[in-house]
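Visitor: What follows is a predicted protein model with its sequence.
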Amino acid sequence: MKLGVLFSGGKDSTFALHMASEREEIACLIAMLSKNEESYMFHTPNIDITALQAEAMELPILQ
């Protein structure tokens, strides 16, 4: 099975990605970008760095 992983770039989503990758193939990362930089519903600090993290892991990212 191939998985898309919801990814904020933080330690929790990075650990979840690691755990999932031990059991399944990771097809892509999915990052939610809010238009509101002060949103309390989405992780916004450094969210733009997720593209660099995906590149380092050689995974496509959907934003």
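Guide: Here it is on my side, so go on.
Visitor: what's the distance between whichever strand or helix holds Gln53 and the middle of its chain?
Guide: Secondary structure from DSSP states H and E places Gln53 in helix 50-56. Computed by C-alpha atoms, centre = their mean, to the nearest Å, the chain-centroid distance of helix 50-56 equals 9 Å.
Visitor: same deal with stretch 54-63?
Guide: The answer for stretch 54-63 is 8 Å, by C-alpha atoms, centre = their mean.
Visitor: heads up, I number from 33, so please use that
Guide: Understood, numbering begins at 33; the last thing we discussed is stretch 86-95.
Visitor: Can you check which helix is longest in this structure?
Guide: The residue-count maximum for a helix in the chain (DSSP state H) belongs to helix 43-55.
Visitor: tell me the mean pLDDT for that helix?
Guide: The average pLDDT within helix 43-55 is 95.
Visitor: Ser66 belongs to a strand?
Guide: No: counting by DSSP: H, G, I helix; E, B strand; the rest coil, Ser66 is not found in a strand; it is coil.
Visitor: if I look at it, how far off is Asp44?
Guide: 18 Å (C-beta to C-beta, to the nearest Å). Every C-beta, even on glycine, is put in place using the N, C-alpha and C of the backbone.
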